[in-house]
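A.B. asks: sharing a model prediction with you, sequence too.
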Amino acid sequence: MPDSILLLPDNIANQIAAGEVIQRPGSAVKELLENAVDAGATEIKLIVADAGKSLIQVIDNGKGMSETDARMAFERHATSKIRAIEDLFHIKTMGFRGEALASIAAVAQVEMRTRRPEDELGTYIEIENSAVINQEPCASATGTSISMKNLFFNVPARRNFLKSNAAEMRHIVDEFIRVAMAFPNIFFSLTSNGQQVFHLEAGNHKQRIIQILGSSYNAKMVTVKEETDYMNIYGFVGKPETARKTRGDQYFFVNSRFIKNAYLNHAVNSAFESLIAKDSFPSYVLFIDVDPSQVDINVHPTKQEIKFEDEKIMYAFVQAAVKHALAQFSVAPSLDFTLNAEIQNLEAVNKPFTEEKQQTASSSNLYKTFTQKHQAHVIESSGKSELKHWKAFFTETKLPEDISTLSNSEQHTQFSYEQRTIAPTESRFENSSFIQLHNTYIIASVQNGFVLVHQQLAHERILYERYSMAAHSKQMPAQKSLFPVTVELPAADAALLNDMLTDLAAIGYTIEPFGNNTFVIQGTPADVLQGNEKHSIELLIEQVKHFSSDVKFSKREKLVRCMARQQAIKAGQSLTHKEMQVLLEELFQCNTPNVTVGGSPTYLEFKEDYLDRMFGK
Ligand code: ADP
Ligand code: MG
């Protein structure tokens, strides 16, 4: 028997390897655009025909290639972007594997024209089946133009797997958008079958997003921007009303690379929790910049998935930044909010990112610091983050040294909530002064500045959380009516009320059907004024009926929201010192004290240093 192992010829090996990188026209588009970006181009034009099946051409005005490089570029593992393994941890370019051009040359007919600015003549090169079939000097503009024709001409099995032109074009546009979105300072155009589809002038991030997603986004975007020594995040999230039923415009970029990451996506969704319906998706375009040593981009052939050195910090950071942005979206842009205290207090974030630190970071020291102090656990339960923030803000007491103690006190506050509403024990605002303005706003002094609270919106938030907690299993303090009230309703309303009885019971209403569209109210939640039961139920039915129908909340959620709105003390009502104190106490014990469920801010914060700056101090 002869031996049976053979070395694969280069062109077959390349074709097999190409399968990883070039799956469809869209993947070739991505690679070619990224090469143009890496080449420092300020203008990149993409031209396709037949959804890239017959032609994909990318023309850039970047730095071009020498004659030798032009040939080398198509060799497997030929790259100018890394030299040693360490470079892998400091990648600043989009490519680094040296596989794309080799793969493309294995599965398409390639022609390239390239010239460096310093050269008089450029190079023309033609490749088929991984072999150079023609190379000669040529006249050429500065930069590079690569066209690949007849993708998979030599791999019929793969060609047959391509989808319809419409589907493949969709992929191309997706890839185009992802690169164009990440590099707004570069001009991009896309021409398909002779028609220009995109023409994106260079500009800033916001302009680029609007060019791509449409000008209707202009008024619907909330700016996200947080900077720490560990990482920066900036970009935009759509206001709650832009949430869609389908996962639409969601873009994450890490160090300018579009990535898919379910975990970070979850962080954004959770920041929107209770602002949008459960089954809808917020839109966002978020850019995260982090030291390259903190991410591993080498875990996926097309680099769309990456690994973070510490995912939990990323999660907490993204969630906090988005929450923060949402809380302010109707607030004067000059107001100086700072990053959520929970994140700020993390050692890795508030200590300067020194050279020394950078070095230890790559040996994963950061990760260890967090887990050693059980901090990872704290970050995990970050849903309640504002609590800590406010605790720190309002009390004279210093933050505990060990962040794990915080977690205990946080739990304590949470569970003592109901108890507190019945019999308030300790008081954080004991020594604060309050001023009520126009019977609507409360100014309260706090440790390093003051807050301006809208009494109605603040109370709405408090009640929302209280009812919501009750509606999800905790028992609500209820009162039995001394004189049960009977309500008679129109048939349609009666049917509606019948439907709501269980949910109403959960939040403290005891209502019994009495036949003939009549109901007896036996008990009400503790906050409802005796004597007001009938009106409150009628109002509730009205509100539930008119609850904005384009948002699909559960019945119970609608009810809870209506109740909160209905029972909240109104603007125009004069409050005593004690009432203001209780209101603020309760507000800052909420899980999300800073916004109503409808998205309006409940208070504005004026910090001393911001005030000083405003007065030029
Ligand atoms: P990688 O991008 O991972 O380095 P590629 O196969 O995509 O690998 O490209 C190989 C090399 O060819 C690059 O490292 C770069 O030096 C050169 N190159 C590719 N495209 C261009 C371009 N548009 N302009 C200038 N150089 C390019
Ligand atoms: Mg490349």
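C.D. replies: Yep, that arrived. Ligands and ions are numbered 1, 2, ... in the order given.
A.B. asks: where does residue 556 sit: helix, strand or coil?
C.D. replies: When classified by DSSP: H, G, I helix; E, B strand; the rest coil, residue 556 comes out as helix.
A.B. asks: now do the helices in the stretch 1-150 of the chain.
C.D. replies: Counting by DSSP state H, counting those that start in this stretch, the stretch 1-150 of the chain has helices at residues 10-21, 25-38, 67-72, 100-107.
A.B. asks: how many neighbours does the closest residue to ligand 2 within the stretch 501-617 of the chain have?
C.D. replies: Here the residue of the stretch 501-617 of the chain nearest ligand 2 is residue 599; by C-beta to the ion that distance is 42.6 Å. All C-beta atoms are positioned from the backbone trio N, CA, C, and that covers glycine. Close neighbours of residue 599, defined as other C-beta atoms under 10 Å, add up to 18.
A.B. asks: follow-up on the earlier one: comparing the helices of the stretch 1-150 of the chain, which yields the minimum mean pLDDT?
C.D. replies: With a mean of 77, helix 10-21 has the lowest mean pLDDT of the helices of the stretch 1-150 of the chain.
A.B. asks: what score does the nearest residue to residue 39 once chain neighbours are set aside have for pLDDT?
C.D. replies: Of all residues not flanking residue 39 in the chain, residue 62 sits nearest, at 2.8 Å (C-beta to C-beta, 6 or more residues apart in numbering). Per-residue confidence (pLDDT) for residue 62: 97.
A.B. asks: interface residues of this structure facing ligand 1?
C.D. replies: Contacts of the chain with ligand 1, taken as C-beta under 6 Å from any ligand atom, map to 31, 35-36, 38-39, 60, 62-65, 73, 78-81, 95-102, 144.
A.B. asks: kindly recompute the last result at 5 Å.
C.D. replies: By C-beta under 5 Å from any ligand atom, the residues of the chain that approach ligand 1 are 35-36, 39, 62, 65, 73, 79-81, 95-98, 100-101, 144.
A.B. asks: in the stretch 451-600 of the chain, what spans have low per-residue confidence?
C.D. replies: The stretch 451-600 of the chain contains residues with pLDDT under 70 at 473-477, 482, 529-530, 546-553.
A.B. asks: return the backbone torsion pair for the residue of the stretch 501-617 of the chain closest to ligand 2.
C.D. replies: When read as degrees, to the nearest 10, the backbone of residue 599 gives phi 100, psi 0.
A.B. asks: report the buried residues of stretch 436-447.
C.D. replies: 436, 440, 441, 442, 443, 444, 446 (16 or more other C-beta atoms under 10 Å).
A.B. asks: mind putting the residues you listed in JSON lines, pLDDT and secondary structure included?
C.D. replies: Listed next are these as JSON lines, based on pLDDT from 0 to 100; DSSP: H, G, I helix; E, B strand; the rest coil:
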{"residue": "436", "pLDDT": "93", "secondary structure": "strand"}
{"residue": "440", "pLDDT": "92", "secondary structure": "coil"}
{"residue": "441", "pLDDT": "94", "secondary structure": "strand"}
{"residue": "442", "pLDDT": "94", "secondary structure": "strand"}
{"residue": "443", "pLDDT": "93", "secondary structure": "strand"}
{"residue": "444", "pLDDT": "90", "secondary structure": "strand"}
{"residue": "446", "pLDDT": "82", "secondary structure": "strand"}
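A.B. asks: in this protein, what residue comes closest to ligand 1?
C.D. replies: Residue of the chain nearest ligand 1, by C-beta to the nearest ligand atom: residue 95 (2.3 Å).
A.B. asks: show me the contacts for that residue.
C.D. replies: Taking C-beta atoms under 8 Å, 6 or more residues apart in numbering as the criterion, residue 95 is in contact with 31, 34, 35, 38, 79, 81.
A.B. asks: report how many residues lie close to the third one.
C.D. replies: Looking back up the chat, that one is residue 35. The number of residues near residue 35, taken as other C-beta under 10 Å, comes to 23.
A.B. asks: what helix or strand is the nearest residue to residue 311 once chain neighbours are set aside on?
C.D. replies: Once flanking residues are discounted, residue 311 sits nearest to residue 263: 5.9 Å by C-beta to C-beta, 6+ apart. For residue 263, the host element (DSSP states H and E) is helix 262-271.
A.B. asks: helix or strand for residue 212, which one?
C.D. replies: Residue 212 belongs to helix 205-213, assigned by DSSP H and E.
A.B. asks: next: residue 313.
C.D. replies: Here residue 313 is assigned to helix 311-328, by DSSP H and E.
A.B. asks: whatever helix or strand comes next after the helix holding residue 212 to helix 262-271, inter-axis angle?
C.D. replies: For helix 205-213, the following helix or strand on the C-terminal side (DSSP H and E) is strand 221-227. Taking axes from the mean of the first three to the mean of the last three C-alpha atoms, to 10 degrees, one finds that strand 221-227 is oriented at 120 degrees with respect to helix 262-271.
A.B. asks: can you give me the angle strand 221-227 makes with helix 205-213?
C.D. replies: Going by the same axes, to 10 degrees, strand 221-227 makes 140 degrees with helix 205-213.
A.B. asks: picking that back up, now restrict the contacts of residue 95 to buried residues only.
C.D. replies: Of the contacts of residue 95, these count as buried by 16+ other C-beta under 10 Å: 31, 34, 35, 38, 79.
A.B. asks: OK, contacts around the third one?
C.D. replies: Shown in contact with residue 35 (C-beta under 8 Å, 6+ apart): 58, 60, 94, 95, 100, 101, 144, 146.
A.B. asks: could I get the average pLDDT for stretch 198-214?
C.D. replies: On average, stretch 198-214 scores 90.
A.B. asks: end-to-end on that stretch?
C.D. replies: 12 Å (C-alpha to C-alpha, to the nearest Å).
A.B. asks: of the helices of the stretch 1-150 of the chain, which is nearest residue 558?
C.D. replies: If you check each of the helices of the stretch 1-150 of the chain against residue 558 by C-beta to C-beta, helix 25-38 wins as the nearest, at 42.1 Å.
A.B. asks: for the closest one, the distance to its chain's centre please.
C.D. replies: 25 Å (C-alpha atoms, centre = their mean, to the nearest Å).
A.B. asks: wait, does that helix make contact with ligand 2?
C.D. replies: Yes - counting by C-beta under 5 Å from the ion, contacts between helix 25-38 and ligand 2 involve residue 35.
A.B. asks: thinking again about what came up before, restricted to strands, list the residues of the chain next to ligand 1.
C.D. replies: residue 144 (DSSP state E).
A.B. asks: select only the buried ones of the residues of the chain next to ligand 1 in PyMOL?
C.D. replies: To isolate the buried members of the residues of the chain next to ligand 1 in PyMOL, using 16+ other C-beta under 10 Å:
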select buried, resi 35+36+39+62+65+73+79+80+95+96+97+98+100+101+144
